[in-house]
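J.: I would like to see how this sequence folds:
(chains A and B)
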2 protein chains.
Amino acid sequence: MFKLITTKSDGTRIGELTTPHGKIETPFFMPVGTVGSVKSVSPWELSDLGAQIILCNTYHLYLRPGEKLIKNLGGLHKFVGWDGPILTDSGGYQVFSLAKNDKECVIPAKAGIQNLDPRVKSEDDTRNLVKITDDGVIFKSHLDGSEHLFTPEKVIGIQLDLGVDILMPLDVCPSGKATREEVEKSVELTLKWARRAKEHFEERIKNKEVSKRPLLHGIVQGGLYPDLRKYCAEELIKLDFDGYSVGGLAVDLETRKMWDVVKQMGEILPADKQRYLMGVGTPDDIIQATKLGMDMFDCVLPTRLARHGSVYNKCHSKLDLESSNNYKLINLLNSEYRTDSKEINKNCKCESCSRGLSRAYISHLIRSNEILGIRLTTLHNLFQYLELMRDLQK
Amino acid sequence: MFKLITTKSDGTRIGELTTPHGKIETPFFMPVGTVGSVKSVSPWELSDLGAQIILCNTYHLYLRPGEKLIKNLGGLHKFVGWDGPILTDSGGYQVFSLAKNDKECVIPAKAGIQNLDPRVKSEDDTRNLVKITDDGVIFKSHLDGSEHLFTPEKVIGIQLDLGVDILMPLDVCPSGKATREEVEKSVELTLKWARRAKEHFEERIKNKEVSKRPLLHGIVQGGLYPDLRKYCAEELIKLDFDGYSVGGLAVDLETRKMWDVVKQMGEILPADKQRYLMGVGTPDDIIQATKLGMDMFDCVLPTRLARHGSVYNKCHSKLDLESSNNYKLINLLNSEYRTDSKEINKNCKCESCSRGLSRAYISHLIRSNEILGIRLTTLHNLFQYLELMRDLQK
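T.: This next block holds a predicted model:
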């Protein structure tokens, strides 16, 4: 249940989201814990960092260790040692993005939807890893090649077995290169699956399969076509989801048209429901998106970049909400940092900076493939993101 | 400065070792932080675990990032964020053991000492990585193949630049397969280098190059020959080192003859100086060795095994000092642990066990190559070792 407390003059929405595992102040950022662990970070460190909620991936947990095993062990919260709220994604995005890595991924022409993703070859081929049908998505595990089917119902079932607080329905996420016709088809299928997911979810809730009702989002697709986005959003709103997600804009927002979608969504989506801009973005992206009315964010950037030695630094002690250059990224593997006695950021209160560990030391650790190096940059980046959210919540 | 407080009826020596960075209760265990980081563990976690002192490797820090860089940044303690005592080894052992990995390591016949290590081929070859001369050891970096010379004086200089609390002199560590003649030669060279190291050390101390006098050990070699061990120990004792190390028995003590050396050393080495059994061993080895009068230990086992999913468990709540089976090793990658809801050890107070994280979760993390899995097993193993030392100090 979302409660909008106030909308600030700059557009930022201050609110409170109630979940089965507690309340979350908005706007908020969710560290990504793909297989049940935010990479290199312990659950108690996440608490210390001030994380309010974490995100896990349905696709990964379904394949390994399996949602039934987790259910038998008392659910995902107990399994990963985190008693705050957890959100899981639909798994659909991973089905496509991991298939990409195989370079053999094909959607057969007969599936009716082609080129949803530039990473997916559009030809009939027996080596295909992903097949989209009206019923769902057939894919092969990136772990062992075994074949699996995700339907809207199955994906809801997996997330209910995991016992998470916020669920996403199975959706189809077209690439920026998809034709209008392909995007249209993806919207129709996303809507069809959203209806089935909602229906199945309500039925399972009615059967009292979980003790407390979690939240189910609708996911808006539609590429960069304003009319398709509008249509998709309006159809989902009719289904009255607990909240709404904006899909298809993951990682960072690079073009004016992408920002136009965010702006449009901020205007169309109901003010009394939380809005989740999926997979976005840089700290400066998040600042801009909160001003356009987005409330929830997740992104692999702070953890992924950290593993490559890159750290975010807030440029000035005070945020300039008009600027899109509040944060600067530096790479500690650059030779200039080998002898740099300064902490990553003297104003930062993360474990690494507050203890005065030097850029030289962290650079040395990462060069030497020491896990501690990655831990320190990850803690720093997550602290920067979570501190940003606390600033935005003021 | 070592102060022997009492020798218990079972032989365990309770004492106190004073170093420039504080006092240490004996017997004690030193977690191994090869390149300036105990693998995956932060300095504040080491404090929480109750580590009194850590060990770093001279060879690694000399090659990368270099002792001069560390000195310029304020010394090793500041560099790694650890203000307790630090011991560094002589680097000699690494020169041989890392050369092994190259499979091209050769000691030329003309060096006079052959087959000191079974991992080193004994033939003249231009591709050799290690050459022992009277002056020192010439070796090639395992990082970039560059050639370096370690002399007794240079190794002392590196450790003084690092600013550590306890230094080891350059020694020659023969393998168990070395002939008596080879071991004899290694003892003579070790003694010769020990004299040079001591002389150089005292000169540098006299020149007030460090603010507080650190401790310098002598290292006893001599393979499994009691007369050579006795000779080496007695010659070193004449030089009046601050403490004594027993080398050449690293990792675990497998044979009766190895134990005989430990027993002999406990009898010969001066009671008023600390004794360091280098690179040993399993928890049960440490229990037995303390009863034979050893005070200091280090070993890669708890951290290295942890990275492969193996964890030590104390079998009973109370130690049986007569038994050599106080600890059991289990591997969490074994299939039986995939669904095991129990913590690694219900009586353990490490972060992982005290928070109830399951063997199933840790097994899943390690299977998924998640850093957190390694962190949890490492914290557990180090806790087991350090808790053992606290038990032995009682």
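
J.: How much space separates A:S211 from B:E182?
T.: Distance from A:S211 to B:E182, counting by C-beta to C-beta, to the nearest Å: 72 Å. (Each C-beta comes from the backbone N, C-alpha and C, glycine too.)

J.: who's more crowded, the two?
T.: B:E182 (21 against 7; other C-beta atoms under 10 Å in any protein chain shown).

J.: pLDDT wise, what is that one at?
T.: For B:E182, the pLDDT comes out at 92.

J.: which parts of the helix or strand hosting it are buried?
T.: In this structure, B:E182 sits in helix B:180-206 according to DSSP states H and E. Neighbour-count burial for helix B:180-206, counted by 16 or more other C-beta atoms under 10 Å in any protein chain shown, picks out B:182-191, B:193-198, B:200-201.

J.: after it, next one along is what?
T.: From helix B:180-206 onward toward the C-terminus, using DSSP H and E, the following helix or strand is strand B:215-220.

J.: contact partners of that following strand?
T.: Under the contact criterion C-beta atoms under 8 Å, 6 or more residues apart in numbering or on different chains, strand B:215-220 has outside partners B:1, B:17, B:19, B:90, B:156, B:165-169, B:171, B:190, B:194, B:197-198, B:201, B:229, B:232-233, B:236-237, B:239, B:241-247, B:265, B:269, B:276, B:278.

J.: In helices, which of those appear?
T.: Taking DSSP state H as the definition of helices, the contacts of strand B:215-220 contribute B:I156, B:T190, B:A194, B:A197, B:K198, B:F201, B:R229, B:C232, B:A233, B:L236, B:I237, B:M265.

J.: Now do the fifth one against chain A, distance only.
T.: In this structure, B:K198 and chain A are separated by 31 Å, where distance is defined by C-beta to the nearest C-beta, to the nearest Å.

J.: Equivalent analysis for the third one, please.
T.: Going from B:A194 to chain A by C-beta to the nearest C-beta gives 30 Å.

J.: Is A:K39 in a helix, a strand, or coil?
T.: coil (DSSP: H, G, I helix; E, B strand; the rest coil).

J.: Would you enumerate the residues in contact with it?
T.: Contacts of A:K39 (C-beta under 8 Å, 6+ apart): A:G33, A:T303, A:R307, A:I374, A:T378, B:E370, B:I371, B:L372.

J.: Could you do A:T26 as well?
T.: A:T26 neighbours (C-beta under 8 Å, 6+ apart): A:F2, A:R13, A:I14, A:G15, A:E16, A:L17, A:Q274, A:D295, A:M296, A:Q393.

J.: Show me how the record splits chain A into domains.
T.: Following automatic domain parsing, chain A resolves into domains at A:2-299, A:307-392.

J.: could I get the ones you listed as CSV with distance to B:Y225?
T.: Conversion of these to CSV gives the following (distance: least, C-beta to C-beta, whole Å):
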stretch, distance to B:Y225
domain A:2-299, 48
domain A:307-392, 38
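
J.: I figured A:T303 was touching A:T378, is that so?
T.: Yes - with contact defined as C-beta atoms under 8 Å, A:T303 reaches A:T378; the gap is 5.4 Å.

J.: Now the common contact residues for those two.
T.: A:V38, A:K39, A:S40, A:V41.

J.: isn't A:Y244 right up against A:M278?
T.: No - counting by C-beta under 8 Å, A:Y244 does not reach A:M278; the two are 10.4 Å apart.

J.: Near A:D272, how many residues? Count them for me, please.
T.: 10.

J.: go on, A:D340?
T.: When neighbours are counted by other C-beta under 10 Å, A:D340 comes out with 17.

J.: what's the spacing between it and A:L305?
T.: On the measure of C-beta to C-beta, A:D340 and A:L305 end up 18 Å apart.

J.: for A:K342, same thing?
T.: Here A:K342 is placed at a distance of 19 Å from A:L305 (C-beta to C-beta).

J.: ditto for A:I287
T.: Going from A:I287 to A:L305 by C-beta to C-beta gives 18 Å.

J.: cool, A:S9 as well?
T.: 32 Å.

J.: Give me the more crowded residue out of those two.
T.: A:L305 (19 against 6).

J.: wait, the more buried one sits on A:N381?
T.: Yes - using C-beta under 8 Å, A:L305 makes contact with A:N381 at a distance of 6.6 Å.

J.: Get me the contact residues on the stretch 51-200 of chain A for chain B.
T.: A:H60, A:R64, A:P65, A:L69, A:N72, A:L73, A:G74, A:F79, A:V80, A:G81 (C-beta under 8 Å from any C-beta of the partner chain).

J.: rerun at 6 Å
T.: Contacts of the stretch 51-200 of chain A with chain B, taken as C-beta under 6 Å from any C-beta of the partner chain, map to A:P65, A:L73, A:F79, A:G81.

J.: Equivalent analysis for the stretch 251-394 of chain A, please.
T.: A:S341, A:R355, A:L357, A:A360, A:Y361, A:H364, A:L365, A:S368, A:E370, A:I371, A:L372.

J.: I'd like to check which residues are in contact with the fourth one.
T.: A:A360 sits next to A:R338, A:T339, A:D340, B:L73 when contact means C-beta atoms under 6 Å, 6 or more residues apart in numbering or on different chains.

J.: if you set the cut-off to 7 Å instead, what comes out?
T.: Counting by C-beta atoms under 7 Å, 6 or more residues apart in numbering or on different chains, A:A360 makes contact with A:Y337, A:R338, A:T339, A:D340, A:S341, B:L73.
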